[in-house]
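K.L.:
Got a predicted structure plus its sequence, pasted below:
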Amino acid sequence: MTPSTPCSPTTEQQQEPTAPGPQQRLDALLAELLSLSQELANQPKALVNLLRKLEQLHRGIQDGPLRGSLPADRHQLFELLQNLEQSGGWPYIPRPQLQSFLNQLQQKPTEPPEEAPEQQPPTELK
């Protein structure tokens, strides 16, 4: 019988845990934002504020890091745009329009409308 030797850890086991990658970090942040939005479910002003902040972030990324990283070569830019179209198009955060809110209010009245008294047509003066 040969003496048993303790198992030495493999190279993978010796490596320190790596920091999360960009996609993992993004997923964690998105989950946190979703959780926050659920906490604010009955607070429309706070939710609108959250959407405004997200829109500011969107525009900041679009006008800053994204614009600076766009390819200068026309062929590479075309390939990027083609890839964007194939993978779902340009990212966009829609902003609800006031008209859609007004339509929603008209569909769901909180109190029944009061009936207006019938008006008599104006009498002609002779």
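P.N.:
Looks like it arrived, so ask away.

K.L.:
alpha carbons only for contacts and neighbour counts from here, please
P.N.:
Fine.

K.L.:
All the helices of this structure, residue numbers only.
P.N.:
11-14, 22-39, 44-61, 67-69, 74-86, 98-107 (DSSP state H).

K.L.:
Please render those as CSV that adds mean pLDDT to the earlier fields.
P.N.:
As requested, these are exported to CSV (pLDDT from 0 to 100):
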stretch, mean pLDDT
helix 11-14, 52
helix 22-39, 96
helix 44-61, 94
helix 67-69, 85
helix 74-86, 83
helix 98-107, 58
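
K.L.:
can you put the ones you listed in CSV and add mean neighbour count?
P.N.:
Below are the helices of the chain laid out as CSV (neighbours: other C-alpha atoms under 10 Å):
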stretch, mean neighbour count
helix 11-14, 8
helix 22-39, 12
helix 44-61, 13
helix 67-69, 10
helix 74-86, 12
helix 98-107, 10
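
K.L.:
what residues are up against Ile52?
P.N.:
That one is not Ile; residue 52 is Arg. By C-alpha atoms under 8 Å, 6 or more residues apart in numbering, the contact set of Arg52 is empty.

K.L.:
With Leu66 as the reference, measure out to it.
P.N.:
20 Å (C-alpha to C-alpha, to the nearest Å).

K.L.:
before we move on, what about Gln38?
P.N.:
29 Å.

K.L.:
try Leu54
P.N.:
Taking C-alpha to C-alpha, one finds Leu54 at 16 Å from Leu66.

K.L.:
With Ala19 instead?
P.N.:
For Ala19, the distance to Leu66 - C-alpha to C-alpha - is 24 Å.
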